[in-house]
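Student: predicted model, plus sequence, below.
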Amino acid sequence: MIDFLVANFNLIRGLHIIFVMAWIAGMLILPRLFVYHMKAAPGSDMDGVFKLAELRTMRIIINPAMILAFAMGLLLVLADSRIRGWSFLLQPWMLTKLAALVFLFGWHGFMSKARKRFAADQNTRSEKFWRMTNELPFVAAIIIVLSVTTKFLNH
Ligand code: HEM
């Protein structure tokens, strides 16, 4: 099994990156939908359109992409345990990535709860809040991508 993963490391890494793109893209678009949703009167046609768009963005893009990115990430961890040894999990670049991942998973859960509140006409956050926090997953993505690609080395 691990031999197979090592042999296909580059393919799995590519799939990992593709699913990560979809996960982050979904988390960047959802707060945009919230911002415009707030301009729609509750019960109006527009309100219904935004509720459906938010539901679909969560169920069709964000959740499946997260599961697949995570699954490919776990396969890469298994392959890396053979390539680098398990100690790679404690190297600074990986610890940095794990810290940013904790944030991303937390943000995912937070957005999921927020979507449910919007669906129940119970949003409590301001438009300013969603505009200001909109870029947080992107900041986490920058930290993750640069820590894995550079591994804090110059070569
Ligand atoms: C969901 C949990 C995740 C796990 C368990 C995970 C795990 C891994 C592992 C073990 C590697 C191989 C590292 C190497 O040997 O170079 C990897 C590669 C990579 N990961 Fe993740 N990852 C996760 C999420 C993410 C996220 C959220 C991002 C971006 C926002 C990301 C971006 C990347 C990139 C760009 C690579 C390729 C790095 C390279 O080869 O230069 N990963 N991931």
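Tutor: Okay, I see it.
Student: quick one: the worst-scoring helix or strand of the chain on mean pLDDT to chain centroid distance?
Tutor: Within the chain, no helix or strand scores below helix 127-133, which has a mean of 95 by mean pLDDT, DSSP states H and E. The chain centre lies 18 Å from the centre of helix 127-133; the measure is CA atoms, centre = their mean, to the nearest Å.
Student: name the nearest residue to the residue in the chain that the ligand sits nearest to, sequence neighbours excluded.
Tutor: Closest contact between the chain and the ligand, by CB to the nearest ligand atom, is at G73 (2.3 Å). Where you see a C-beta, it was placed from the backbone N, CA and C, and this is true even at glycine. Nearest residue to G73, sequence neighbours excluded (CB to CB, 6 or more residues apart in numbering): H16, at 5.8 Å.
Student: now I29
Tutor: Going by CB to CB, 6+ apart, I29 has T57 as its nearest residue, at 6.1 Å.
Student: got the phi/psi numbers for that neighbour?
Tutor: T57 has phi and psi values of phi -60, psi -40 when expressed as degrees, to the nearest 10.
Student: burial count for the residue of the chain closest to the ligand?
Tutor: 17 (other CB atoms under 10 Å).
Student: give me the contacts around the helix or strand it falls within.
Tutor: Counting by DSSP states H and E, the element that carries G73 is helix 63-83. Applying CB atoms under 8 Å, 6 or more residues apart in numbering, the external contacts of helix 63-83 come out as 1-3, 5-6, 9, 12-13, 15-16, 19-20, 22-23, 26, 88-89, 108.
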